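Asks: got a structure for you, letters missing:
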């Protein structure tokens, strides 16, 4: 009987995570990308991926990668697997930084991971797009274009602002988070 309850809790948790994946994807696709202002630079999926990595571990983050990556690969006009690969690289590097450098669940570690994750996400995804278009166009490499850096700066600011707000909302309901850098 106890094992049956544990299995039911696991199924319920998987179902809840699947619903959250769909919800985050739909909000990202429908609302966030529809804005022309700074709010349109928000990468909600990346923020949630790092949040899941930090709170639930690598196993659940890999599930989120499969879910979000699959939906992004279906709805964006890029070869299938670009978002899966990008999310996987970003979460894997963030995981190694989380266990080796950012040792607690403070606001500073979360902001640091979102900063590094955002930069990695944009560099990896734009590198894959550049490789796809390498022979078909004579475009300048994206790192040498000023618009890339200005848009990355805007995305970092918006992601940090939303991360800051999410952190304090989640820390109000969940005591796993700590607003200070060093725990006493």
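Replies: Right, received. Where do you want to start? Values in this document were obtained by computation on a predicted structure and should not be read as measured data.
Asks: didn't residue 167 look like it was pressed against residue 109?
Replies: No. Residue 167 sits out of contact with residue 109 when judged by CB atoms under 8 Å, with a separation of 10.2 Å. Using the backbone N, CA and C atoms, a C-beta is placed for each residue, glycine as well.
Asks: from residue 104, how far off is the residue nearest the centre of the chain?
Replies: Taking CA atoms, centre = their mean, the centroid of the chain lies closest to residue 46, which sits 1.4 Å from it. For residue 46, the distance to residue 104 equals 21 Å [CB to CB, to the nearest Å].
Asks: okay, now the unreliable bits of the chain?
Replies: 1-7, 136-138, 175-184 (pLDDT under 70).
Asks: mind doing that once more with 80?
Replies: 1-8, 33-38, 40, 102-105, 133-146, 148, 171-184 (pLDDT under 80).
Asks: now stretch 145-156: buried residues?
Replies: Buried residues in stretch 145-156, counted by 16 or more other CB atoms under 10 Å: 148, 152, 154, 155, 156.
Asks: who touches it?
Replies: 38, 41, 42, 43, 115, 118, 119, 122, 126, 142 (CB atoms under 8 Å, 6 or more residues apart in numbering).
Asks: chain center to it, what's the gap?
Replies: Stretch 145-156 sits 18 Å away from the centroid of its parent chain (CA atoms, centre = their mean, to the nearest Å).
Asks: buried members of the contacts of stretch 145-156 into PyMOL, please.
Replies: This is how PyMOL selects the buried members of the contacts of stretch 145-156, with burial counted by 16+ other CB under 10 Å:
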select buried, resi 41+42+43+118+122+126+142
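Asks: now tabulate the contacts of stretch 145-156 in a markdown table and tack on distance to residue 30.
Replies: A markdown table is the format used below for these (distance: CB to CB, whole Å):
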| residue | distance to residue 30 |
| --- | --- |
| 38 | 18 |
| 41 | 16 |
| 42 | 13 |
| 43 | 15 |
| 115 | 26 |
| 118 | 21 |
| 119 | 26 |
| 122 | 22 |
| 126 | 24 |
| 142 | 27 |
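Asks: so which of the contacts of stretch 145-156 belong to helices?
Replies: Using DSSP state H, the members of these that fall in helices are 115, 118, 119, 122, 126.
Asks: report the buried residues of stretch 48-62.
Replies: 48, 49, 50, 51, 52, 53, 54, 58, 61, 62.
Asks: is it possible to get CSV of those residues that adds secondary structure and distance to residue 160?
Replies: Below are the buried residues of stretch 48-62 laid out as CSV (DSSP: H, G, I helix; E, B strand; the rest coil; distance: CB to CB, whole Å):
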residue, secondary structure, distance to residue 160
48, helix, 15
49, helix, 16
50, helix, 12
51, helix, 14
52, helix, 18
53, helix, 17
54, helix, 15
58, helix, 24
61, helix, 20
62, helix, 25
